[in-house]
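**Q** Sequence and predicted model, in that order:
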Amino acid sequence: MSKSLSDLVGGALFLGLTILFWTQTMDQPSAGQGLANNPFWQPRLLLVLMGLASLLLIGKGLLRSEGKKRIQLPSHPGQLVLGVGIVALFLLTFEPLGFLLSGCLLVVLFCIGMGYRAYRVVVVFALVFVSLVWYAFADGFSIRPPGMGMDTIFNMLFGGVNG
């Protein structure tokens, strides 16, 4: 059984980054805030998850048998360039358009750019997924993403006072 070199190297790099980032959180005192906004525990929880994912990737590399020993390039390198361009467009439009509009634009363009052709499904998925992510940040983490939020859209559509 041969080892998967790319999984081993990728897992080791992510594990190294996790350890490096963990050392950067060592001097921050706990502020006694809730877990989601606590500057001491929240990054550490994310780093624990990143470390677990790194260990899983290393384990996959050790256990997986790979027939070819060379690293494969994507079969359609244009899709890789397109994906990077779409993410760059998202980053450029994030502040002026806000999270909801730029997030929906990202999901729709990414799905269509990668070859998914059920346009109605893509639009519905983008609206639902990005709205759920917005609610997770706004209500779950008490972090309001930039731009117009769901509450503002509902108030514009159905009336009401935001407060």
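**A** The structure has been received and is ready for your questions.

**Q** now Phe21: how far from Leu13?
**A** 13 Å (CB to CB, to the nearest Å). Quick note: C-beta positions are derived from backbone N, CA and C, even for glycine.

**Q** Give me the more crowded residue out of the two.
**A** Comparing Phe21 with Leu13 by neighbour count (other CB atoms under 10 Å), the higher total belongs to Phe21, at 15 against 12.

**Q** so which strand or helix has Trp22?
**A** Assigned by DSSP states H and E, Trp22 belongs to helix 5-24.

**Q** need the next SSE after that helix, C-terminal direction.
**A** Toward the C-terminus from helix 5-24 - assigned by DSSP H and E - lies helix 41-63.

**Q** Quick check: buried residues in that next one?
**A** Trp41, Gln42, Arg44, Leu47, Met50, Gly51, Ser54, Leu57, Ile58, Gly61 (16 or more other CB atoms under 10 Å).

**Q** Can you show me the CA trace of that helix as CSV?
**A** What follows is helix 41-63, C-alpha atoms only, in CSV (Å, rounded to 0.1, in the frame of the first residue of the first chain):
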residue,chain,number,x,y,z
TRP,A,41,-11.6,30.9,23.2
GLN,A,42,-13.2,31.5,19.8
PRO,A,43,-10.0,31.5,17.8
ARG,A,44,-8.8,28.5,19.8
LEU,A,45,-11.9,26.5,19.1
LEU,A,46,-11.5,27.2,15.4
LEU,A,47,-7.8,26.2,15.7
VAL,A,48,-8.8,22.9,17.4
LEU,A,49,-11.2,22.2,14.5
MET,A,50,-8.4,23.0,12.0
GLY,A,51,-6.0,20.7,13.9
LEU,A,52,-8.5,17.9,13.8
ALA,A,53,-9.1,18.3,10.1
SER,A,54,-5.3,18.3,9.6
LEU,A,55,-4.9,15.1,11.5
LEU,A,56,-7.7,13.5,9.5
LEU,A,57,-6.0,14.5,6.3
ILE,A,58,-2.7,13.0,7.5
GLY,A,59,-4.6,9.8,8.5
LYS,A,60,-6.2,9.7,5.1
GLY,A,61,-2.8,10.1,3.5
LEU,A,62,-1.4,7.3,5.5
LEU,A,63,-4.2,4.9,5.0
